[in-house]
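Engineer: Sequence first, predicted model second:
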Amino acid sequence: MYEIVLTLHSWLRWIVLLLGILVIFGNYKGWKASLPYEGMNKKLNTYFMASLHTQLLLGLILYCGVSPMMHKIFSDFGASMHDKEMRFWSVEHIMGMVIGIAIAQIGSIKSKRQATDELKYKTAFIWFTVAFILILLMIPFGIWNVERPFFRM
Ligand code: HEM
């Protein structure tokens, strides 16, 4: 169970990142070219949000139940705060990702409520870009935080 959830969570990161790049460019183009808010750009925004919701669910399953590493952290939370890697997993990754997903969710709701198509694109572009940067920073790429495999087999 653990291996399956971790592997799915690991691979889904690439879908999140790909969709993130596509929605940032799509919404920017829609805004600047005054395109109608419909078709592929609108669908991609929905797919991006769906990928984030799935990642949140998988992350919560790992965090709250199936990850042996999290069990170890929770057995002595205070001590894990002194370890850089343990602190990343128990606080930084979760907080950063939940905030990032919340920002994308707020942006998605606000965008839909805008009066014009141009404003829908502009709102989605701004909020999704901020969410994307935060999510990117919190992925364990081993460059600015802890290292995990790029492609887990
Ligand atoms: C867009 C959001 C997220 C992305 C892109 C993401 C990405 C990742 C990646 C790439 C890993 C390393 C996987 C591996 O070792 O191969 C990981 C691990 C982990 N993530 Fe996330 N994550 C996200 C959201 C979350 C959330 C919201 C939570 C918790 C509520 C969470 C909890 C965890 C935990 C606990 C681990 C470590 C599991 C273990 O090693 O036992 N993640 N995440």
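Structural biologist: Nice, I can see it. Numbering: from 1, shown residues only.
Engineer: Now do the contacts for Tyr2.
Structural biologist: Neighbour list for Tyr2: Leu62, Val66, Ser67, Pro68 [criterion: C-beta atoms under 8 Å, 6 or more residues apart in numbering]. Bear in mind the C-beta positions are built from the backbone N, C-alpha and C, glycine included.
Engineer: Closest to Ile101 out of these?
Structural biologist: Closest to Ile101 out of these is Leu62 (14.9 Å), distances taken as C-beta to C-beta.
Engineer: Please name the nearest non-neighbouring residue to that closest one.
Structural biologist: Nearest residue to Leu62 in three dimensions, chain neighbours excluded: Val5, at 5.8 Å (C-beta to C-beta, 6 or more residues apart in numbering).
Engineer: One more: Lys112?
Structural biologist: Lys120 (6.9 Å).
Engineer: Next: Phe88.
Structural biologist: Ranked by C-beta to C-beta, 6+ apart and with sequence neighbours excluded, the top spatial neighbour of Phe88 is Val146, at 5.0 Å.
Engineer: if I look at the nearest residue to Pro140 once chain neighbours are set aside, how far off is Met86?
Structural biologist: Leaving out its chain neighbours, the residue that sits closest to Pro140 by C-beta to C-beta, 6+ apart is Arg148, at 4.3 Å. Distance from Arg148 to Met86, counting by C-beta to C-beta, to the nearest Å: 14 Å.
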